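**Student:** what's the 3D shape of this:
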Amino acid sequence: MSLASTLTEVLPIEALLRPIGALFDAASGARGCLFTFHRAAPSALWERLPNRNFYLDLAYLDRLLGYLKAHAWSIVTMEEAIDRARAGRSGDRFANFSVDDCYRDTFEEVVPLFREHGAPVTLFVTTGIPDATMSMWNAGLEDIILRKDRVILDGTTADVSSRLDKRRLYASLEQSWDGPRAGARYSAFCAENGFDETALHEKHAISWAMLETLARDPLVEIGAHTVGHPRVSALAEQEALAELVACRRRLGERLDRDIRHFAFPFGRSGDAGPRDFALARRAGFASAATTRKGVMRRRSDLFSLPRNTLNGGARSLAMAEMHLTGVSGLVARMLGRV
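**Tutor:** Residues are numbered from 1 along each chain as shown. The predicted model follows:
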C-alpha cells in the first residue's frame, strides 16, 4: 500500500489539518509547498488508463487550484518560491506546481488549466523527449494496451479486454522491462502488435514548437530535467554532470532563456545525494529539486528542495493538506520512505 493510501485512510477532514501548519508557521515563518506530477487527463479517460496513477485527474487538479486560492495560498514560480522562502515573512504561504518530463498533454491540457486559474506552472523538461532521442516506452506500452482487447507478447496472445486486465499487464511489463533493455523490448512489442513506434512517440511527446510557444507565456517557467532521464546517482561524476549541462544548454539555445532551475529524475534519497546536489550547482543552476516530501522554509537547501508528488490515485483535498502542512514529510521520514 502506498504512503498516500495509508494516510488518506486515517485522515480527519482537511479543515482539521490546516491549524497544524499554522502552528509550525508561528515558529518558522513563511511556508512553501512544492507539488509535482507528470501527466494529466480528463476524468473519463483517467478512469480507463492502465497506468492511471501516473496521471492527475484534471478535475481534481482544478479543484486543488481553486482550494489553494480559496485558502489564501499564492501559486508561484520556482524563482518566486525561492525569493519568498528567503524573505521568511510570517504568515506567507505559497505553492509551486511543477510538471516533470513534459508530454504533449502538458501543452494541450495542463498549461491551459493553469492559465484559466491565472496561475504559473514550472515545466521541468527532459530534452530527449522533444529531440526524440529517448524511448517513451512507458507511454507507448500503455497506449497499445489501452487500445487493444488482445495483445501479442513474445508470440503469446494476452487478453486485456477488461480495465483490470489492462492495469495488471501494464504493471507487470513496466516492472519486468524497467532497465537498459526496455527500449528494445518495447520496439519488439510494437512490431508484434502492428504499431508504429515513431507515430506513438509523436502522439505523446511534447515538441520543440510547443515548448517555444510555452516559453513565450508569462505564466510558464522552464526548468531542466536531464537529457535522458537517468538516475543521476547511478552515473559516474562526469557523465552525471554532462546530463545536467547538456540539458540546460539545449533548453537555453532552443528557447532563448536562462534555465535556472533543475529537478532530479526519480528524486528520492537513493536517486540523488550530496555529490549530485553539488553537480547541479556546478552545472550553473540556481536550485535543484528532489521528490522528498516536506515543506520549503527559509533555511531549506536550495539544491535539495523537497517536492511532494501528486499521485493520481490520491484525489482528496485532505491528502493535499497533508503535503501543505508538512505532515506527509514527517510521516515519510518516520517510515523511512525518503
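**Student:** switch to C-alpha atoms for all contacts and neighbour counts from now on
**Tutor:** Will do.
**Student:** What count of nearby residues applies to the residue lying closest to Ser90 once chain neighbours are set aside?
**Tutor:** Nearest non-adjacent residue to Ser90, counting by C-alpha to C-alpha, 6 or more residues apart in numbering: Gly29, 4.1 Å away. Gly29 has 18 neighbours, counted by other C-alpha atoms under 10 Å.
**Student:** Who are the contact partners of Gly29?
**Tutor:** Going by C-alpha atoms under 8 Å, 6 or more residues apart in numbering, Gly29 touches Gly88, Arg89, Ser90, Gly91, Asp92, Arg297, Arg298.
**Student:** Of those, just the buried ones, ChimeraX syntax please.
**Tutor:** Those of the contacts of Gly29 that count as buried under 16 or more other C-alpha atoms under 10 Å are selected in ChimeraX with:
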select :88,92,297,298
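**Student:** Between which two of the contacts of Gly29 is the distance greatest?
**Tutor:** Gly91 and Arg298 (12.6 Å; C-alpha to C-alpha).
**Student:** okay, and the common contacts of these two?
**Tutor:** With C-alpha under 8 Å, 6+ apart as the test, Gly91 and Arg298 both reach Gly29, Ala30.
**Student:** Out of the contacts of Gly29, which is nearest to Leu219?
**Tutor:** Nearest member of those to Leu219, counting by C-alpha to C-alpha, is Asp92, at 20.8 Å.
**Student:** one step back: dump the contacts of Gly29 into CSV; add distance to Arg307 as well.
**Tutor:** Output for those, formatted as CSV (distance: C-alpha to C-alpha, whole Å):
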residue, distance to Arg307
Gly88, 19
Arg89, 21
Ser90, 21
Gly91, 20
Asp92, 18
Arg297, 12
Arg298, 15
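**Student:** The contacts of Gly29 into a markdown table, with extra columns for pLDDT, secondary structure and distance to Met322?
**Tutor:** Putting the contacts of Gly29 into a markdown table (pLDDT from 0 to 100; DSSP: H, G, I helix; E, B strand; the rest coil; distance: C-alpha to C-alpha, whole Å) gives the following:
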| residue | pLDDT | secondary structure | distance to Met322 |
| --- | --- | --- | --- |
| Gly88 | 94 | coil | 21 |
| Arg89 | 93 | coil | 22 |
| Ser90 | 90 | coil | 20 |
| Gly91 | 90 | coil | 18 |
| Asp92 | 96 | coil | 18 |
| Arg297 | 95 | coil | 16 |
| Arg298 | 94 | coil | 20 |
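**Student:** And the helices in the stretch 201-338 of the chain?
**Tutor:** 208-215, 237-255, 274-282, 317-325, 327-334 (DSSP state H, counting those that start in this stretch).
**Student:** which residues touch the last one?
**Tutor:** Outside of helix 327-334, the residues within contact range by C-alpha under 8 Å, 6+ apart are Leu3, Arg292, Lys293, Gly294, Val295, Met322, His323, Val338.
**Student:** now swap in the first one and tell me
**Tutor:** Applying C-alpha under 8 Å, 6+ apart, the set of residues contacting helix 208-215 from outside is Phe107, Pro130, Asp131, Val220, Glu221, Ile222, Arg254, Leu255.
**Student:** In space, what's closest to the last one - neighbours in sequence excluded?
**Tutor:** Which is Leu255. Leu255's closest residue in space is Glu212 (C-alpha to C-alpha, 6+ apart), at 5.8 Å.
**Student:** Out of the contacts of helix 208-215, who's the most crowded?
**Tutor:** Ile222 (26 neighbours).
**Student:** Does that one touch Ile259 like I think?
**Tutor:** Yes - proximity of Ile222 to Ile259 meets the contact threshold set by C-alpha atoms under 8 Å, at 6.7 Å.
**Student:** pretty sure Phe124 belongs to a strand, no?
**Tutor:** Yes - counting by DSSP: H, G, I helix; E, B strand; the rest coil, Phe124 is located in a strand.
**Student:** The closest residue to it other than its chain neighbours - how many residues pack around it?
**Tutor:** Nearest residue to Phe124 in three dimensions, chain neighbours excluded: Gly223, at 4.4 Å (C-alpha to C-alpha, 6+ apart). Gly223 has 29 neighbouring residues, counting by other C-alpha under 10 Å.
**Student:** give me every residue that touches Gly223.
**Tutor:** Here Gly223 is in contact with Thr122, Leu123, Phe124, Val125, Arg248, Ile259, Arg260, His261, Phe262, Ala263 (C-alpha under 8 Å, 6+ apart).
**Student:** Kindly recompute the last result at 10 Å.
**Tutor:** By C-alpha atoms under 10 Å, 6 or more residues apart in numbering, the contact list for Gly223 reads 78, 98-100, 122-126, 247-248, 251-252, 257-263, 285, 287-288.
**Student:** Filter those residues down to the buried ones, PyMOL style.
**Tutor:** To isolate the buried members of the contacts of Gly223 in PyMOL, using 16+ other C-alpha under 10 Å:
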select buried, resi 78+98+99+100+122+123+124+125+126+247+248+251+252+257+259+260+261+262+263+285+287+288
